[in-house]
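Colleague: I would like the atomic coordinates for the input below:
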Amino acid sequence: MAKIGMNEEGLSRFDLRFAAGLIFLTACWLLLYSDSLATLVGQWNNEDYSYCYLVPPLAAYLAYQNRGRLRALTGGTVLPGYLALIFAAVLFVAGRLGSLHTASFASVWFSIAGIVILAFGVRSLKALSFPLLVLAFAIPAPPFITHQLTFKLRLVSSSLAIDILHLLGHSAYREGNIIDLGFTQLQVVDACSGLRYVLSTFLVALVAGYLFNKKWWERVLLLIAAVPVSIFVNSLRIVAVALLMQYVSPKFGEEGFYHDFSGWLIFFFSVGIVLLLSAVLRKVAGGSSETPETDAKGEDGSGSRIGGIVRPTAWYHLIIAGGIFLALLLVQGGLITSANLPERKNFQDFPLQIGEWRGKRSYLDQSIINSLHTDDYVTGSYYNERTGNALHLLVPFYAFQFEGRAAHAPTSCLLGSGWELKEKQMAPPDPAAGRMFSVGQMVLNKNGERILSNFWFQQRGRVITSEYLNKWYLFLDGLTRRRTDGALVRVEMVMQPEQSLTEAQAVLDGFTVPLMTVLREYIPD
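Modeller: Below is the predicted model:
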């Protein structure tokens, strides 16, 4: 024990203090992040992220394998640990007020990284940086990335599947994400986009490269290959479904046992290809298959006492960290409130005549209302007899917004079911039409039918088109004004066959300009 600088009695006292500090820290950490962790696990139930359940055990195993290196690398300043906790606190508040799940999840990760540094010192990152990197894969990608990536992957997988079917001598053509097989149609839905295979296969390639491939170029090639491998294998799955629908039964195109079983089969097939490629690269490089140094013993030969790894001063750093989490818990409780909401009219009396447009009110199913988490809303269809255009209006209002309960851009709401996004841009103000604010503008196409979509965030006196800017103002106003109320305004108009985009936008402006005047009574400034 001379090396550690403690006698057996001192070491036991240290063990007890460390255990007490760890228990206090864990309790405070769980109290602070309980909602975020529940939401995170809920997102893991999405099939695209079901692999995330394996990520924490995998990261823990890799950390355990590096315990020998950790014992040798313990030490160094703990200041970066406190900086990580401060950054985690900022992300947590931003996530709660700005309704950014990803920020809250990132806060969890940075808090863990900070705790590691406080317990072992900054030098420990040399041993634990890769396990922490793997742990980051437990965080699902932000929805705006997921939606766009899913849509693009569906199109790529569908297109590649069509090419393979043509090579096999089968007649098929694609309309958006729908494959027409002649005798029936196969819709490549979100679940068949292949996103889950891309992400999980990339993670497998990352871990395999770390464990088995020693040269950096081997690891880079393995990571680069993971994406096309997973996309190609997913396309083979779509081809197999199409052939089974034709020669066995159309029921193979439905979700069920085959859908789930083929998913697992495709995953293991992708993993097998990646591992085979790892072995080939290792053979070409002339390397061995030895894993990174994972000797469990330190210089003193001990492998059981925490005193051989954890810094003697770690216990009070853990107490301080727990205090930071507890203080943050108390602070965030006072930030989220609807007490400062100004008076407003209820959407129950929303007018059905807006400018030249006459409307009919409709109502959402309770399941949709629950998914929107809206406090009040108006939705309905309006028709302009002069132009012959029809449109749909949806305005969900939120008395206060926070993580998981906020307005979000409808960029991907109409994507799918054969709809293709043809144009997406911001339409600047048009004073000639009386529209003094910018709107988000999308044009979608399906079988020659076109929809012009306008949307904007109407939030506490601001009209915002950028979802990122909207998140920033949610965070800022939550801190400075203690208000996060607001709404999303979404209008979709069916374009006439002869109408250009400019003409259609002018017609739609004839609705949005008087609509803005009406909304001021229902969405307070």
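
Colleague: what pLDDT does the residue most central in space within the chain get?
Modeller: The centroid of the chain falls nearest to residue 142 when counting by C-alpha atoms, centre = their mean (2.6 Å). Predicted confidence (pLDDT) at residue 142: the value is 76.

Colleague: In a strand, residue 76, correct?
Modeller: No: going by DSSP: H, G, I helix; E, B strand; the rest coil, the assignment for residue 76 is coil, not a strand.

Colleague: how much space between it and residue 39?
Modeller: For residue 76, the distance to residue 39 equals 34 Å [C-beta to C-beta, to the nearest Å]. No exception for glycine: its C-beta is placed from N, CA and C like everyone else's.

Colleague: quick one on the thing from earlier: could you list every residue that touches the nearest residue to the residue nearest to the centre of the chain once chain neighbours are set aside?
Modeller: Counting by C-beta to C-beta, 6 or more residues apart in numbering, residue 142 lies nearest to residue 102, which is 4.5 Å off, once chain neighbours are set aside. Neighbour list for residue 102: 95, 139, 140, 141, 142 [criterion: C-beta atoms under 8 Å, 6 or more residues apart in numbering].

Colleague: for this protein, what spans make up the strands?
Modeller: With DSSP state E applied, the chain shows strands at 173-175, 178-180, 185-187, 353-354, 357-362, 376-384, 390-398, 420-427, 439-446, 449-459, 462-464, 486-494, listed in chain order.

Colleague: The fourth one - what's its average pLDDT?
Modeller: Read that as strand 353-354. Mean pLDDT, strand 353-354: 91.

Colleague: Parallel or antiparallel, which strands does it pair with?
Modeller: strand 357-362 (antiparallel) (DSSP bridges).

Colleague: Just the buried positions in the strand it pairs with, please.
Modeller: Within strand 357-362, the residues that count as buried by 16 or more other C-beta atoms under 10 Å are 357, 359.

Colleague: Give me the residues contacting that strand.
Modeller: The contact list for strand 357-362 (C-beta under 8 Å, 6+ apart) reads 350, 352-353, 378-385, 391, 393, 510-511.

Colleague: Kindly report the same for stretch 18-28.
Modeller: For stretch 18-28, contacts defined as C-beta under 8 Å, 6+ apart pick out 115, 306, 310, 314-319, 321-323, 325-326, 329.

Colleague: Give me the domain ranges for the protein.
Modeller: Following automatic domain parsing, the chain resolves into domains at 8-140+304-333, 143-285, 347-519.

Colleague: now the ones you listed in JSON lines, with distance to residue 525?
Modeller: JSON lines is the format used below for the domains of the chain (distance: least, C-beta to C-beta, whole Å):
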{"stretch": "domain 8-140+304-333", "distance to residue 525": "20"}
{"stretch": "domain 143-285", "distance to residue 525": "27"}
{"stretch": "domain 347-519", "distance to residue 525": "4"}
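
Colleague: For residue 341, find the nearest of those.
Modeller: domain 347-519 (5.1 Å; C-beta to C-beta).

Colleague: for that closest one, the distance to its chain's centre please.
Modeller: Its chain's C-alpha centre and that of domain 347-519 lie 23 Å apart, by C-alpha atoms, centre = their mean, to the nearest Å.

Colleague: ditto for stretch 231-246
Modeller: The answer for stretch 231-246 is 27 Å, by C-alpha atoms, centre = their mean.

Colleague: What residues sit buried inside it?
Modeller: 231-242, 244-246.

Colleague: Send me it as CSV with only the CA atoms.
Modeller: The C-alpha coordinates for stretch 231-246 follow below in CSV (Å, rounded to 0.1, in the frame of the first residue of the first chain):
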residue,chain,number,x,y,z
ILE,A,231,-28.0,0.7,-48.1
PHE,A,232,-27.2,-2.1,-50.6
VAL,A,233,-28.3,-4.8,-48.2
ASN,A,234,-31.5,-2.9,-47.4
SER,A,235,-32.2,-2.6,-51.2
LEU,A,236,-31.8,-6.4,-51.4
ARG,A,237,-34.5,-6.7,-48.7
ILE,A,238,-36.9,-4.6,-50.7
VAL,A,239,-36.2,-6.7,-53.8
ALA,A,240,-36.8,-9.9,-51.8
VAL,A,241,-40.1,-8.5,-50.5
ALA,A,242,-41.2,-7.6,-54.1
LEU,A,243,-40.3,-11.1,-55.4
LEU,A,244,-42.1,-12.8,-52.5
MET,A,245,-45.2,-10.7,-53.1
GLN,A,246,-45.2,-11.7,-56.8
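
Colleague: before we move on, the earlier item: could you tell me the least trusted of the domains of the chain?
Modeller: Across the domains of the chain, the lowest-scoring stretch is domain 143-285, with a mean of 76.

Colleague: can you count the residues close to residue 366?
Modeller: Look at residue 366: counted by other C-beta atoms under 10 Å, it has 8 neighbours.
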